[in-house]
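K.L.:
Provided below for reference: sequence and predicted model.
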Amino acid sequence: MSWELTADRPIYLQLIDHIKMNIISGEFAPGSKILSVRELASRACVNPNTMQRALSELEKLGLLYTQRTNGRFITENLDVIENARESFAKNHTKKFSDRMSQLGLSKAQIINLVEEFSEEDLQ
Amino acid sequence: MLGKLLKHEISATARMFIPMYVVLIITSVVGKFFIWLTSKEAFIDSVPESFAMLVSALSSILTILYSILIVAVLVATFIFIVMRFYKNLFTDEGYLMFTLPVKTPSLIVSKLISAVLWILFSLVIVIISLVVIFYSGEIANMLKEFWSSLTDYVARENFNFKDTYHVSMPTFAVELIILMLIALCANLLMIYSAIAMGSKFSSKSRVSGAVKAYLVIYITTQIATSILMYILFTVVPDFFGALSENQGDAIQSTIISTGSINIVFCGIYFYITNFFMKKRLNLD
Amino acid sequence: MSNILEFKNLKKQYGKFNALNDITISLPAGKIIGLLGPNGSGKTTLIKLVSGLLIPTAGEILIDGLNPGTDSKKVISYLPEKNYLNDYMKVSQLIDFFVDFYSDFDKTAALDMLSRLDIDPERKLKTLSKGTKEKVQLIMVMSRKAKLYLLDEPIGGVDPAARDYILDTIISNYNNEATILISTHLIADIESVLDEFIFLKNGEVIMQSSVDDVREQQGKSVDALFREAFKC
């Protein structure tokens, strides 16, 4: 996944989202060790301080933890990851349905749309 | 830090000077071979007259070219020294040099010492070149005789010399050498201060600025020296009389006063150079 | 965290022209700070004053508490816009030069970065392309463990790949006790690397803030803010 950063939100928030996605989707496996701050910052082409801030926030959320001499790891706590997935999904869905309502779609129409596109993906 | 600056200065400028000197030495060796060849009786006997005349004409031309070469090497040495000061400090390289953690005087001194060393070295090379060209069995003998008679003369006359001139001959020679070195430094520093002053202007008018500055400094120096001389001879009572009475003292005082004046000028030029480099630096 | 740079009523005048007018700001240690402004706003003048290449007309500059001089030059690593290298030097000689004069120069790091770019240290600088020479200069500057890095327009006039390399080199060599001051007019490319920024307009500081603050409080990027502030 490439680090695409937009111009209007604070970068550290976007980094948090990006890493969260990686954890939730399993791309960063639970319990695995993540790269150093400097490496991650280099990959994302951002200020190491900003990356550090994002990682600290993720630690507060419980998605990452630090072993003092070994480095940073993704949590092994699957519940925490599941919670993160749920709230992420809820957040996006709410945004989506608000948007659709703005377009004037009814609840039934929104659900139909979701079914249509979900089915397509499974094919 | 000065040692490091000097080390880098010499190794960076070597690529300008060494090739020249090598060419001169090679030319002298080749020239010597030519002379040796054409002076051999076998050669002279075996060639027709017309060829011999051609060879002798060629010799004259080559001799002239050789003299020009020697002059060119000395002049080029001087020009390279001036160019080096300007290029390394007052063009883009200056961004590197002036952000080094060294004091400004060190920059000046390293360039000055390097310049003096190269000038002395160029003189040594020229002497070697002349020796190569002119060396022959006869000349070697002549030189040996000359040297032994010179040392005899010195040994004999030293006592008299010392009496008249108040110093021994070797000391006198050393004094003259030191005097020349001081004068050399003064001249170099005068040029350096002109370059430093000229750099105050933007890069387009920098060179003409330096030339104008040099003229101003040169004229000011001449005026100042003249005034000084005037004061010395009119204000100081009987200075002239004192001079003509005692030759030894007179010459010593001349040496000391000339040397001192030049040292003072060195100081003044150094101060000017340092001031403009430190306070008026205007790298493009 | 103390301030690595302090300007007190700093002024630089050329004849009647005010290149910098009464600048009074402080820059903290440990941040990557952008000195942003259009051409002619005084960015290079400010950087030259800090690096000791220019003398202020009035006011004071303090670098880690020192006035500009030999001691401040020891802790400043300066990358000018110019190519300041002697073309006849070999890369290895340039490295030896830096080793001699800067006790904080990391020779191993420099050689490592050069080898990753496939630059043979025995090559003469004049055989390198312009872009490669610029990278060599950057490597020299970033291989020093300085307290203050001054980068004057490091990404101006380079191709996107080179730009990425330059930003990556800056990020990788950054140590969080040092401050990097990057002057540029290309804000969008560099914004994600900055902690804080300063807007410089006609020789005056019109804004000093952090990138995150602007995005949080104003919902726009520094680049967008810049375009507003410097509308022609």
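P.N.:
Structure's in. What do you need? In this text, all values refer to a predicted model and were calculated from it rather than measured experimentally.

K.L.:
what's near enough to touch A:Arg9?
P.N.:
Contact partners of A:Arg9, counting by Cβ atoms under 8 Å, 6 or more residues apart in numbering or on different chains, are C:Arg215, C:Gly219. For every residue, glycine as well, the C-beta is placed using N, CA and C.

K.L.:
For it, identify the helix or strand it belongs to.
P.N.:
Using DSSP states H and E, A:Arg9 is not contained in any helix or strand.

K.L.:
And it, how far from C:Ser221?
P.N.:
9 Å (Cβ to Cβ, to the nearest Å).

K.L.:
what sits in contact with each of the two?
P.N.:
With Cβ under 8 Å, 6+ apart as the test, A:Arg9 and C:Ser221 both reach C:Arg215.

K.L.:
Where is the longest strand in chain C?
P.N.:
Among the segments of chain C that qualify as a strand by DSSP state E, the longest is strand C:3-14.

K.L.:
what's the spacing between that one and its chain's center?
P.N.:
16 Å (Cα atoms, centre = their mean, to the nearest Å).

K.L.:
and the residue of the stretch 101-250 of chain B found nearest chain C, what is it in contact with?
P.N.:
Residue of the stretch 101-250 of chain B nearest chain C, by Cβ to the nearest Cβ: B:Pro101 (4.1 Å). Taking Cβ under 8 Å, 6+ apart, we find B:Pro101 in contact with B:Met1, C:Thr70, C:Asp71, C:Lys73, C:Lys74, C:Phe101, C:Tyr102.

K.L.:
Drop anything exposed from these.
P.N.:
C:Lys73, C:Lys74, C:Phe101, C:Tyr102 (16 or more other Cβ atoms under 10 Å in any protein chain shown).

K.L.:
quick one: the last one and C:Arg144 touch, right?
P.N.:
Yes - judged on Cβ atoms under 8 Å, C:Tyr102 makes contact with C:Arg144 at a distance of 5.6 Å.

K.L.:
secondary structure class for the residue in chain A positioned nearest to chain C?
P.N.:
Proximity of chain A to chain C (Cβ to the nearest Cβ) peaks at A:Ala7, 3.4 Å away. Under DSSP: H, G, I helix; E, B strand; the rest coil, A:Ala7 falls in the coil class.

K.L.:
hmm, back to that, which one of the contacts of B:Pro101 is nearest to C:Pro80?
P.N.:
Using Cβ to Cβ, C:Lys73 is the member of these that lies nearest C:Pro80, at 13.6 Å.

K.L.:
Chain A contacts on chain C?
P.N.:
C:30-32, C:164, C:167-168, C:171-172, C:174, C:176, C:188, C:191-195, C:211-212, C:215-216, C:219-221, C:223-224 (Cβ under 8 Å from any Cβ of the partner chain).

K.L.:
Point out the ones among those that are inside helices.
P.N.:
C:Asp164, C:Leu167, C:Asp168, C:Ile171, C:Ser172, C:Ala188, C:Val211, C:Asp212, C:Arg215, C:Glu216, C:Asp223, C:Ala224 (DSSP state H).

K.L.:
what number of residues lie near the third one?
P.N.:
Residues within reach of C:Asp168, counting by other Cβ atoms under 10 Å in any protein chain shown, total 15.

K.L.:
Would you mind confirming that it is in contact with A:Ala44?
P.N.:
No - the pair C:Asp168 / A:Ala44 is not scored as a contact, 10.6 Å apart, by Cβ under 8 Å.

K.L.:
hey, where'd the strands end up in the chain?
P.N.:
Answering for chain A, as no chain was given. Under DSSP E, chain A gives strands at A:64-67, A:71-74.

K.L.:
wrong one, chain C
P.N.:
C:3-14, C:17-23, C:26-28, C:32-36, C:58-63, C:76-79, C:148-152, C:179-184, C:196-201, C:204-210.

K.L.:
what comes into contact with the fifth one?
P.N.:
Outside of strand C:58-63, the residues that reach it under the criterion Cβ under 8 Å, 6+ apart are C:4-11, C:22-24, C:49-50, C:67-68, C:72, C:75-76, C:147-148.

K.L.:
Kindly report the same for the second one.
P.N.:
By Cβ under 8 Å, 6+ apart, the residues outside strand C:17-23 that reach it are C:7, C:9-13, C:42, C:45-46, C:49, C:59, C:202-205.

K.L.:
And B:Tyr66, what's its pLDDT?
P.N.:
Predicted confidence (pLDDT) for B:Tyr66: 89.

K.L.:
Quickly list the domain ranges of chain A.
P.N.:
Taking automatic domain parsing as the reference, chain A has its domains at A:11-76, A:79-122.

K.L.:
looking at those, which is closest to B:Ile26?
P.N.:
domain A:11-76 (55.4 Å).

K.L.:
what two of the ones in helices among the residues of chain C next to chain A are the furthest from one another?
P.N.:
Most distant of those, by Cβ to Cβ, are C:Ser172 and C:Ala224, 28.3 Å apart.

K.L.:
who's more crowded, the two?
P.N.:
Using other Cβ under 10 Å as the criterion, C:Ser172 and C:Ala224 rank with C:Ala224 on top: 18 against 15.

K.L.:
and the more buried one, what pLDDT?
P.N.:
90.

K.L.:
Check A:Glu76 too.
P.N.:
We have a pLDDT of 86 for A:Glu76.

K.L.:
cool, the one 10 residues further on as well?
P.N.:
Looking at A:Glu86, its pLDDT is 90.

K.L.:
if we can go back for a sec, just put the strands of chain C in a markdown table and tack on mean pLDDT.
P.N.:
Converted to a markdown table, those look like this (pLDDT from 0 to 100):
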| stretch | mean pLDDT |
| --- | --- |
| strand C:3-14 | 93 |
| strand C:17-23 | 91 |
| strand C:26-28 | 94 |
| strand C:32-36 | 95 |
| strand C:58-63 | 95 |
| strand C:76-79 | 96 |
| strand C:148-152 | 96 |
| strand C:179-184 | 95 |
| strand C:196-201 | 94 |
| strand C:204-210 | 93 |
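
K.L.:
residues in contact with B:Tyr269?
P.N.:
Going by Cβ under 8 Å, 6+ apart, the list of residues near B:Tyr269 reads B:Ala186, B:Leu189, B:Met190, B:Tyr192, B:Ser193, B:Ile217.

K.L.:
Make TSV out of the strands of chain C and add distance to B:Ile79 and mean neighbour count.
P.N.:
Below are the strands of chain C laid out as TSV (distance: least, Cβ to Cβ, whole Å; neighbours: other Cβ atoms under 10 Å in any protein chain shown):
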stretch	distance to B:Ile79	mean neighbour count
strand C:3-14	33	18
strand C:17-23	36	18
strand C:26-28	46	16
strand C:32-36	41	25
strand C:58-63	39	17
strand C:76-79	31	26
strand C:148-152	33	23
strand C:179-184	38	24
strand C:196-201	43	22
strand C:204-210	46	16
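
K.L.:
can you redo the ones you listed as a markdown table with distance to B:Ile128?
P.N.:
As requested, the strands of chain C are arranged in a markdown table below (distance: least, Cβ to Cβ, whole Å):
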| stretch | distance to B:Ile128 |
| --- | --- |
| strand C:3-14 | 52 |
| strand C:17-23 | 55 |
| strand C:26-28 | 59 |
| strand C:32-36 | 57 |
| strand C:58-63 | 51 |
| strand C:76-79 | 44 |
| strand C:148-152 | 49 |
| strand C:179-184 | 54 |
| strand C:196-201 | 60 |
| strand C:204-210 | 64 |
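
K.L.:
what about chain B, any weak spots by pLDDT?
P.N.:
By pLDDT under 70, the weakly predicted segments of chain B are B:41-44, B:47, B:136-137, B:159-167, B:202-204, B:233, B:235-248.
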